[in-house]
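A.B. asks: compute the structure for the input listed below.
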Amino acid sequence: MREAGRRSSWCMILIISVVLLALTGTVQARVGGGQRYGGARGGDNGGEGLGIVVYLLLRLCVEQPCIGVPLTIAVIVGLFLHRKHRRKVQEATIARSATARRQSMAARGDADLEAIRSSDPGFTEEEFREMVKTAFVALQNAWSNQDMTPVKAYVSDGVLERFGLQLDMQRAMGYRNSMKEIRVLGVRIVSAHTDSRFHTIHAEIHARADDTDVDLKSGRTLRVNTGEDFIEYWTFLRKPGAGTPAGGGLVGGFCPNCGASLALTDAGTCGYCGAHITSGAFDWILTGITQEAEWLPERPSEQIPGYSEIVDKDPGFNIQPLQDTAAVVFWRYVKSYFDGSPAPMAKVAHPLFIPTLERNLRQTADGEWRLYFHDAAVGSVAILDIEPGNEFDRARLLIKWSAWNRYRNSDGRVRGAGDRSIRPQVFTLLRRSDTKTLVEKDFHSAHCPGCAAPYTGGPSGQCDYCGKPLNDGSGAWVLDSITAFSADMLRASSAGAGTVNPEMVLWAMAATMFADGKADAAQKGLLESFSAARGVSAGKVAQMVAAAESGEPLPKPENPVQARAVLEEMVGMALSDGTICASEMKFLESFAVSAGLSGADLRTVIAGKRKTLYREAKREISG
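C.D. replies: Below is the predicted model:
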């Protein structure tokens with residue numbers, strides 16, 4: 001009997017070993033190649049095998065404890081070490097992939113710069129940087145003098161609209177913002193991109209200036225902010241056939257087509273040769289200014305949902321002119337609140353939007369006092385998706401902006417307090433589905449698509465020169481609606497291949513923490529430390545907190561499904577370097593509790609995200 005029991009025990013050990021080897025082989029195959037990942041069959045087999053092992057080990061511990069207990073301990077330790085080793089392999093692979101991706105992006109940028117040099121032998125990085133310096137100083141001086149005429153030849157309609165409307169509001173409030181002692185401390189090209197429509201260069205500008213507000217009547221200094229360094233990212237575009245002009249081109253004050261001293265018409269053409277010089281066809285045009293806290297590499301156009309479909313039916317379509325149009329729409333929206341009238345929106349919004357705007361203007365007024373957005377600033381404009389349709393095409397763009405809420409009356413007096421807060425909003429633009437992009441009038445977003453006259457006049461939705469309807473979507477994109485950014489849009493807002501916009505996720509965290517009306521110091525500290533690790537400034541975090549405390553419509557998860565989706569993005573951020581440190585884990589745990597999720601939910605999300613990133617990393621490295 002003893003011999004039979006001994007044979008039974010060794011048979012049991014043999015069975016356990018065979019099952020363990022089978023399980024180990026399954027795990028290794030899944031980790032290495034992802035075979036049947038997520039499939040029902042692989043998961044069921046693993047579960048059954050593990051159950052058999054547990055049963056046999058328990059039986060062996062009871063029948064032969066001298067063998068069963070050490071073997072069970074050995075199995076537990078072995079599985080623990082195996083899982084620890086597997087996690088290290090996953091983390092190292094993810095980190096290696098992230099490094100390779102950054103190097104690949106840099107290499108693509110270098111290749112695109114080389115493509116620009118090849119198509120334009122006169123292009124040099126040194127001369128481009130000097131052009132950027134000249135344009136930067138000229139734009140600051142034009143701003144200080146409240147006259148954009150000297151620079152309008154080389155800025156897009158979106159940029160011109162931004163500065164023009166801001167200057168109009170300054171004049172109405174009786175002051176001007178003066179930038180003195182302007183010093184450009186450095187300019188570097190951070191990325192470049194070429195395609196069939198445009199050559200694009202993003203330049204980082206490190207500068208310093210004495211920033212003061214001056215009373216227009218008395219000349220008295222109202223505010224001083226002296227000698228503060230700042231960094232901005234300026235985006236320049238031109239069309240592939242353009243070459244570097246002699247004499248400095250547009251920035252130097254000469255027509256890049258005919259070489260004459262620049263005489264720009266209201267339609268954006270040269271007064272001598274008639275060329276549309278502000279379209280990017282002849283020289284670089286400034287199309288965007290992004291603040292340092294908002295800068296992220298631009299997502300490739302092909303990754304935008306709906307992009308390929310709309311290009312198929314409109315080959316001239318490109319995202320940059322659409323973003324420029326959205327900027328024009330945004331600043332006219334801000335001007336409508338400043339004026340207390342929908343008139344600034346008449347030419348850029350569909351007629352069905354105007355009643356909604358009128359109602360909002362009435363509801364936000366307080367007697368004779370009108371709400372306006374003081375010192376509004378746009379962080380970035382990003383296309384979420386494009387939806388081609390049978391009657392109308394629609395495009396959703398996320399505009400991240402901030403401002404102080406203030407009230408003013410007809411006498412120009414201002415009241416209000418509180419902090420600057422962030423407002424992420426989705427602007428949906430539409431146009432008729434049979435409309436084609438007028439490529440020769442790119443960046444003429446505030447000009448009539450018929451006669452090229454600038455948008456002027458009052459509340460008319462027609463061109464004041466040729467009478468063409470401007471607000472029905474038959475010639476250009478117009479505003480359809482404005483909605484708050486929601487948590488379920490987080491994935492669509494991720495900018496760049498394989499990257500997540502950290503600020504969007506941090507907004508969701510801030511909004512969730514304040515769901516009960518308050519957040520404790522520990523939660524705020526976690527938010528600040530996690531933000532700093534992701535490159536988000538303390539000032540931007542303060543704006544997030546202020547917005548959440550004031551009840552601004554930030555993208556807070558509305559249900560457990562959205563909360564888990566936000567948590568997945570947060571875990572993806574934390575795992576971008578392969579590991580989750582202790583402070584990051586505290587941050588994730590804090591969010592999970594605030595969002596009503598359990599510790600098991602968090603562990604499941606981390607394990608699933610790590611597997612997903614590992615699988616993607618292996619594919620990127622091997623590919």
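A.B. asks: residue 459: what's it in contact with?
C.D. replies: 341-343, 346 (Cβ atoms under 8 Å, 6 or more residues apart in numbering). Every residue, glycine included, has its C-beta placed from N, CA and C.
A.B. asks: confirm residue 383 sits in a helix?
C.D. replies: No. Using DSSP: H, G, I helix; E, B strand; the rest coil, the assignment for residue 383 is strand, not a helix.
A.B. asks: that one reaches residue 397, doesn't it?
C.D. replies: Yes. Contact status for residue 383 versus residue 397: in contact at 5.3 Å, counting by Cβ atoms under 8 Å.
A.B. asks: who touches both of these two?
C.D. replies: By Cβ under 8 Å, 6+ apart, the residues touching both residue 383 and residue 397 are 322-323.
A.B. asks: can you redo the contacts of residue 459 as CSV with neighbour count and secondary structure?
C.D. replies: Listed next are the contacts of residue 459 as CSV, based on neighbours: other Cβ atoms under 10 Å; DSSP: H, G, I helix; E, B strand; the rest coil:
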residue, neighbour count, secondary structure
341, 17, coil
342, 21, coil
343, 16, helix
346, 21, coil
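A.B. asks: looking at these, which one is closest to residue 607?
C.D. replies: Nearest to residue 607 among those, counting by Cβ to Cβ, is residue 342 at 51.9 Å.
A.B. asks: and the spatially closest residue to that closest one that is not a sequence neighbour, what element?
C.D. replies: On the basis of Cβ to Cβ, 6 or more residues apart in numbering, the spatially nearest residue to residue 342 that is not a chain neighbour turns out to be residue 357, at 4.7 Å. If you go by DSSP states H and E, residue 357 is part of helix 354-364.
A.B. asks: elements contacting that helix?
C.D. replies: With contacts defined as 3 or more Cβ pairs under 8 Å, 6 or more residues apart in numbering; DSSP states H and E, helix 354-364 has these neighbours: helix 319-339, strand 370-387.
A.B. asks: any idea of the angle the shortest one forms with helix 354-364?
C.D. replies: Spelled out, it's strand 370-387. Counting by axes from the mean of the first three to the mean of the last three Cα atoms, to 10 degrees, strand 370-387 lies at 140 degrees to helix 354-364.
A.B. asks: what lines up beside strand 370-387 in the sheet?
C.D. replies: The strands beside strand 370-387 in its sheet (DSSP bridges) come out as strand 392-408 (antiparallel).
A.B. asks: now could you export just the CA positions of the strand it pairs with as PDB?
C.D. replies: Extracted C-alpha coordinates of strand 392-408, given in PDB (Å, rounded to 0.1, in the frame of the first residue of the first chain):
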ATOM      1  CA  PHE A 392     -23.600  68.300 -45.700                       C
ATOM      2  CA  ASP A 393     -20.100  67.400 -44.700                       C
ATOM      3  CA  ARG A 394     -19.300  68.000 -41.100                       C
ATOM      4  CA  ALA A 395     -16.000  68.400 -39.200                       C
ATOM      5  CA  ARG A 396     -15.500  68.500 -35.500                       C
ATOM      6  CA  LEU A 397     -12.600  70.500 -34.100                       C
ATOM      7  CA  LEU A 398     -11.500  70.700 -30.500                       C
ATOM      8  CA  ILE A 399     -10.500  74.300 -29.600                       C
ATOM      9  CA  LYS A 400      -8.700  74.600 -26.200                       C
ATOM     10  CA  TRP A 401      -8.900  78.100 -24.900                       C
ATOM     11  CA  SER A 402      -8.900  80.000 -21.700                       C
ATOM     12  CA  ALA A 403     -10.100  83.400 -20.400                       C
ATOM     13  CA  TRP A 404     -11.400  85.300 -17.400                       C
ATOM     14  CA  ASN A 405     -15.200  85.700 -17.200                       C
ATOM     15  CA  ARG A 406     -15.900  89.400 -16.900                       C
ATOM     16  CA  TYR A 407     -18.900  91.700 -17.400                       C
ATOM     17  CA  ARG A 408     -19.000  95.100 -19.100                       C
END
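A.B. asks: and the angle for it with helix 319-339?
C.D. replies: 30 degrees.
A.B. asks: so for strand 392-408, mean pLDDT?
C.D. replies: Averaging pLDDT along strand 392-408 gives 91.
A.B. asks: what's the offset of that strand from the middle of its chain?
C.D. replies: In this view, strand 392-408 has its centroid 14 Å away from the chain centroid, taken as Cα atoms, centre = their mean, to the nearest Å.
A.B. asks: can you pull the buried residues of that strand?
C.D. replies: For strand 392-408, the neighbour count (16 or more other Cβ atoms under 10 Å) marks 392-408 as buried.
A.B. asks: now stretch 264-282
C.D. replies: Neighbour counts over stretch 264-282 (16+ other Cβ under 10 Å) mark 264, 267-270, 275-282 as buried.
A.B. asks: what's the answer for stretch 313-332, then?
C.D. replies: So for stretch 313-332, counting by 16+ other Cβ under 10 Å, buried means 314, 317-332.
A.B. asks: circling back to that earlier point, worst mean pLDDT among the helices and strands packed on helix 354-364?
C.D. replies: strand 370-387 (a mean of 88).
A.B. asks: longest strand of the chain?
C.D. replies: Criterion DSSP state E: the longest strand present in the chain is strand 175-194.
A.B. asks: that one: partners in the sheet, and parallel or antiparallel?
C.D. replies: strand 199-215 (antiparallel).
A.B. asks: report the rounded mean pLDDT for the partner strand.
C.D. replies: pLDDT averaged over strand 199-215 gives 91.
A.B. asks: from the chain's centre, how far out does that strand sit?
C.D. replies: Here strand 199-215 is found 21 Å from its chain centre; the criterion is Cα atoms, centre = their mean.
A.B. asks: dump it to CSV, restricted to CA.
C.D. replies: C-alpha atoms of strand 199-215 as CSV (Å, rounded to 0.1, in the frame of the first residue of the first chain):
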residue,chain,number,x,y,z
HIS,A,199,5.4,72.1,-46.9
THR,A,200,5.0,72.8,-43.2
ILE,A,201,7.7,73.9,-40.7
HIS,A,202,7.1,74.3,-36.9
ALA,A,203,9.5,76.7,-35.3
GLU,A,204,10.1,77.1,-31.5
ILE,A,205,10.7,80.7,-30.5
HIS,A,206,12.3,81.5,-27.2
ALA,A,207,11.9,85.2,-26.5
ARG,A,208,11.6,87.9,-23.8
ALA,A,209,9.9,91.3,-23.7
ASP,A,210,8.7,94.0,-21.4
ASP,A,211,4.9,93.6,-21.4
THR,A,212,2.8,96.6,-20.3
ASP,A,213,-0.7,97.9,-20.7
VAL,A,214,-1.0,101.6,-21.5
ASP,A,215,-4.0,103.9,-21.3
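A.B. asks: what residues sit buried inside that strand?
C.D. replies: Buried residues in strand 199-215 (16+ other Cβ under 10 Å): 199-205, 207, 209, 211-213.
A.B. asks: between those, which is closest to residue 616?
C.D. replies: Residue 616 has its nearest neighbour among the buried residues of strand 199-215 in residue 202, at 26.1 Å by Cβ to Cβ.
A.B. asks: tell me the two of the contacts of residue 459 that are most distant?
C.D. replies: Farthest pair in the contacts of residue 459, by Cβ to Cβ: 341 and 346, 9.5 Å.
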